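Colleague: could you look at this predicted model? Sequence included:
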Amino acid sequence: MDRIRIERIEARYRDGWPRDLMHVRRSAFNRGPGPYPLRRQVCWYVRAVVDRPHRKPKLVGYVVAYPLYDDTASFDEIAVLKEYQGHGVASALTANTVDWLKDNGIQDISGLAIHPAMSHLFRRHNIGGTGGPPTPPLNTG
Ligand SMILES: CC(C)(COP(=O)(O)OP(=O)(O)OC[C@H]1O[C@@H](n2cnc3c(N)ncnc32)[C@H](O)[C@@H]1OP(=O)(O)O)[C@@H](O)C(=O)NCCC(=O)NCCS
């Protein structure tokens, strides 16, 4: 397995997502365009790259997260290139993203776990977790 390096980029992608992000997205999700409604705001973009001699580092996975309001954020999307899945890339990306958001004063991170690996990682990092009040019991009477 190639050595993975994590990069953090704070950016606003007005004119579309970077090409290498779209390449990983297509590989992971088997589908095209990015999350258009969200791309005009500032996002935290965490990249997993592999260095290559005499070439640009290769993007193999990413997380995109957005600030919501006050001290909350959305862990919006994570994807790993198919041939790099199952080697801890998402795990490293998630841990790094959570640390970065906390450094930015974010207390609550929400996210939609649409993959069992994400459900596992969200539980571990308390994403979409226990910030709110407890759910009241169902009124069965
Ligand atoms: C979901 C995805 C990002 C995971 O990436 P990955 O690099 O293969 O994940 P990792 O190897 O880091 O595994 C993450 C953790 O999930 C666990 N895991 C993997 N598959 C699992 C499964 N089917 N059920 C439960 N846990 C699972 C791993 O054991 C690991 O836990 P650990 O760190 O405690 O060992 C990748 O499969 C992907 O890009 N999928 C398509 C896009 C997608 O669905 N994104 C998520 C929603 S935005």
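Modeller: Great, that's in hand.

Colleague: so Glu83 sits in a strand?
Modeller: No. Assigned with DSSP: H, G, I helix; E, B strand; the rest coil, Glu83 falls outside any strand and is helix.

Colleague: how many neighbours does it have?
Modeller: Other residues lying near Glu83 total 9 when counted by other C-beta atoms under 10 Å. Where you see a C-beta, it was placed from the backbone N, CA and C, and this is true even at glycine.

Colleague: OK, contacts around Ser91?
Modeller: Ser91 is in contact with Leu121, counting by C-beta atoms under 8 Å, 6 or more residues apart in numbering.

Colleague: cutoff 10 Å now
Modeller: Residues in contact with Ser91 (C-beta atoms under 10 Å, 6 or more residues apart in numbering) are Val80, Ala117, His120, Leu121, Arg124, His125.

Colleague: which pLDDT does the model give it?
Modeller: On pLDDT, Ser91 comes in at 97.

Colleague: how much space is there between it and the ligand?
Modeller: 3 Å (C-beta to the nearest ligand atom, to the nearest Å).
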